[in-house]
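Asker: turn this into a model:
(chains A and B)
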Amino acid sequence: MRTLPDVAALAPAYDVAVVGAGPAGMAAAIAAAAHGLSVLVADEAPAPGGQIYRAVTTTRVRRRSLLGADYWRGAPLAAAFAAAPVDTLPEASVWHLDDACVLGVSAQGASRLVTARHVILATGALERPFPVRGWTEPGVMTVGAAQILLKSSGLVATGRVVLAGTGPLLWLLASQYLASGAPPALILDTTPRANWRLAAPHLPAFLCSPYALKGLRLMARVRRRVPVISDVTGLGIDRDGAAQLVTYRHGDGRSGAAAADIVLLHQGVVPNVNLAGAAGCALEWNDTQACWQPQTDAWGMTSVAHIALAGDGAGILGAEAAAVRGKLAGLAAACALGAITPQTRDRLAARPRAALRRCGRGRAFLDALYRPAGSMRVAPPDAIACRCEEVTGADIRAAVRDLHVTGPNQMKAFLRCGMGPCQGRMCALTVAETIAEARGVSPAEVGTMRLRSPVKPLTLGELASLPRSEADTKAVLRG
Amino acid sequence: MFRRLPEADGPAVSFTLNGRPATGVDGDSVAAALLAMGERVCRTTAVSGAARGPFCLMGVCFECLVTIDRIGNRQACLVRLRAGMQVETGKGKREAGP
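Answerer: Got it, this is the predicted structure:
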């Protein structure tokens, strides 16, 4: 890979532009470049890896047992990516994409428009919002945030660390903290008890998956050392001096409280859809995973010609599957641009497709078991739903009841939720599900926020740094 | 609040936080350096003035907005700490003017 220092080093056009350098983005770029296509990979981080393999080429936390074998699976992929003939632009933001495959890219305070013949979005996942009272307090962060601090800077939380929520990542971080000599004080497990019954039919397939033994061992290791309170059905966080007081309610009606210096929340991950949505890719409601995802076909192609999605951004399947889906999207790009025939594409895709089926084994069990309770996916009246504009669950319910607001786009006009700097990344799901609950309909019916570029903020200076031709100037000058 | 594992120590990077000398480690994001120093608050909000700190560390929540080298609203978790940076925490609404 050739690392570009700034946007001035970008070629004006590429065959393929890949957004995101996680497993899907790296694999897609390698596959497309292998067939002679010119490839650009733009990523927000200083080094490739995405969030799952964050800092895999640069971290100083090199004890294998600490971050675990799954993390280090990213190293050979990152090495193959480093050896591939692709341009990469790190510390970059892609703030625009349209159906003509024009990308707006900013880095180091300057911006350029880049044209691609084919675009692969590998924008990955983000943690599902966890709208409980007090989740905006400093000292309350996500489990993923703590893991990023560990991977990229070797930082572990100290004092009384309380983990609350559900999903594999929560247990993984707990085990990594144990290995770091910083065991969490308490885990509040919000996995709904009823999920076990719903997940049970998928148990045999899960037990045949590579995740089963690994996951069960990891959970047993954590449970030996960390107190776990299961069947937590309600959570709230209140500031208590410099610390937090976490109050919780059990399924059986009892309640309790725990003091915490750091609270880490997590209830699964959902696709990061902002760039795809702004480019006009049709989104659909995935009820199994309770999230929006772009509509894609077996090759990752979206509803917009020459814009594809690879990895968890197209629906959550995990890191291993993301690399496979990246490879398939890279092959599809090579075929769509005439570099290989459909026959060659299909032949080369046979093994990745088999690998993808293997990765998918056990997913139905995980999806069913770790689907967060509906009550945890909507904002309670006293909790902030939209962190940027400080809109509460009570505000949203009142707007539905009194103003007959039917969906998130109309809600923006009254409450501004989704219109702050995060552009709905942290509230779009909560707002849709809270409206849906208040109206007694499905989130699919209320829809989601309309997404528009620029999907990342840029300064007027960056905008003004776009090269312009005489024709551009004439287009806006009169007389 | 956060401590650094011994093996993760590296070359020190000097910067200023609200005009006072501060130190991080090479490879830190600005947000990581602030958390490592025990600074959990990055800004107060424009709407109510409530204190906020880094939340997602991956560029999606926009809670860690700070001013870096006189450019406001930078995402501290996405900006790599560099020597001599002038970092200022945010205070409520941005005022118009110089």
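Asker: so where's the stretch 301-450 of chain A uncertain?
Answerer: Applying pLDDT under 70 to the stretch 301-450 of chain A flags no residue at all.
Asker: where does chain B get nearest to chain A, which residue?
Answerer: residue B:8 (2.1 Å; Cβ to the nearest Cβ). Every residue, glycine included, has its C-beta placed from N, CA and C.
Asker: next one: the helix or strand containing residue A:330 to chain centre, how far?
Answerer: Using DSSP states H and E, residue A:330 maps to helix A:319-336. With Cα atoms, centre = their mean, to the nearest Å as the basis, helix A:319-336 stands 18 Å off its chain's centre.
Asker: ok, now stretch A:367-375?
Answerer: The answer for stretch A:367-375 is 17 Å, by Cα atoms, centre = their mean.
Asker: what of stretch A:313-327?
Answerer: With Cα atoms, centre = their mean, you get 12 Å for stretch A:313-327.
Asker: likewise for stretch A:369-379?
Answerer: The answer for stretch A:369-379 is 17 Å, by Cα atoms, centre = their mean.
Asker: which strands and helices sit next to the strand ranked longest in chain A?
Answerer: For chain A, the strand that runs over the most residues, judged by DSSP state E, is strand A:110-121. Under the contact criterion of 3 or more Cβ pairs under 8 Å, 6 or more residues apart in numbering or on different chains; DSSP states H and E, strand A:110-121 touches strand A:13-19, helix A:23-33, strand A:92-97, strand A:102-107, strand A:307-309, helix A:319-336, helix A:460-464.
Asker: so which of these comes closest to residue B:43?
Answerer: Closest to residue B:43 of the helices and strands packed on strand A:110-121 is strand A:92-97 (Cβ to Cβ; 19.7 Å).
Asker: any buried residues in the closest one, and which?
Answerer: Within strand A:92-97, the residues that count as buried by 16 or more other Cβ atoms under 10 Å in any protein chain shown are A:92, A:93, A:94, A:95, A:96, A:97.
Asker: returning to that earlier point: pull out the buried residues from the helix or strand following the helix holding residue A:330.
Answerer: Sequence-wise, the next helix or strand downstream of helix A:319-336 (DSSP H and E) is helix A:342-360. Of the residues in helix A:342-360, A:345, A:348, A:349, A:352, A:355, A:356, A:359 count as buried by neighbour count, 16+ other Cβ under 10 Å.
Asker: now helix A:342-360: how far from the chain's centre is it?
Answerer: On Cα atoms, centre = their mean, the centre of helix A:342-360 falls 25 Å from that of its chain.
Asker: circling back: for the very next helix or strand once past the longest strand of chain A, name the packing helices and strands.
Answerer: Per DSSP H and E, the first helix or strand lying C-terminal to strand A:110-121 is strand A:125-127. Applying 3+ Cβ pairs under 8 Å, 6+ apart, we find strand A:125-127 packed against strand A:269-271.
Asker: give me every residue that touches whichever residue of the stretch 51-200 of chain A sits closest to chain B.
Answerer: Chain B sits closest to residue A:154 of the stretch 51-200 of chain A, with a gap of 2.1 Å, by Cβ to the nearest Cβ. Applying Cβ atoms under 8 Å, 6 or more residues apart in numbering or on different chains, we find residue A:154 in contact with A:59, A:60, A:61, B:4, B:5, B:7, B:8, B:9.
Asker: just send the buried residues of helix A:342-360 back as CSV, with distance to chain B too.
Answerer: Below are the buried residues of helix A:342-360 laid out as CSV (distance: Cβ to the nearest Cβ, whole Å):
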residue, distance to chain B
A:345, 33
A:348, 32
A:349, 31
A:352, 27
A:355, 27
A:356, 25
A:359, 23
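Asker: pick the one among the residues you listed closest to residue A:452.
Answerer: Nearest to residue A:452 among the buried residues of helix A:342-360, counting by Cβ to Cβ, is residue A:356 at 32.7 Å.
Asker: wait, the closest one sits on residue A:326?
Answerer: No. In this structure residue A:356 lies outside contact range of residue A:326 using Cβ atoms under 8 Å: 11.0 Å.
Asker: would you list the helices and strands packed on strand A:110-121 in JSON lines and tack on distance to chain B?
Answerer: Shown next, in JSON lines, are the helices and strands packed on strand A:110-121 (distance: least, Cβ to the nearest Cβ, whole Å):
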{"stretch": "strand A:13-19", "distance to chain B": "13"}
{"stretch": "helix A:23-33", "distance to chain B": "15"}
{"stretch": "strand A:92-97", "distance to chain B": "8"}
{"stretch": "strand A:102-107", "distance to chain B": "11"}
{"stretch": "strand A:307-309", "distance to chain B": "17"}
{"stretch": "helix A:319-336", "distance to chain B": "15"}
{"stretch": "helix A:460-464", "distance to chain B": "8"}
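Asker: from the ones you listed, which stretch is densest packed?
Answerer: Per-stretch averages of neighbours, counted by mean count of other Cβ atoms under 10 Å in any protein chain shown, single out helix A:23-33 among the helices and strands packed on strand A:110-121, with a mean of 31.
Asker: re the thing from before, just the buried subset of the contacts of residue A:154, please.
Answerer: By neighbour count, with 16+ other Cβ under 10 Å, the contacts of residue A:154 hold A:59, A:60, A:61, B:4, B:5, B:8 as buried.
Asker: one step back: phi first, then psi, for the residue of chain B closest to chain A.
Answerer: phi -90, psi 0 (degrees, to the nearest 10).
Asker: any regions of chain B where pLDDT drops low?
Answerer: In chain B (pLDDT under 70), the answer is B:97-98.
Asker: try 90 this time
Answerer: Within chain B, the stretches with pLDDT under 90 are B:90-98.
Asker: one more: the stretch 151-300 of chain A?
Answerer: Scanning the stretch 151-300 of chain A for pLDDT under 90 picks out A:208-212, A:242.
Asker: repeat that with 80
Answerer: Along the stretch 151-300 of chain A, segments meeting pLDDT under 80 span A:210.
Asker: and it, which residues reach chain B?
Answerer: Applying Cβ under 8 Å from any Cβ of the partner chain, one finds that the stretch 151-300 of chain A approaches chain B through A:152-159, A:180, A:182, A:261-262, A:272.
Asker: nice, that's everything, thank you.
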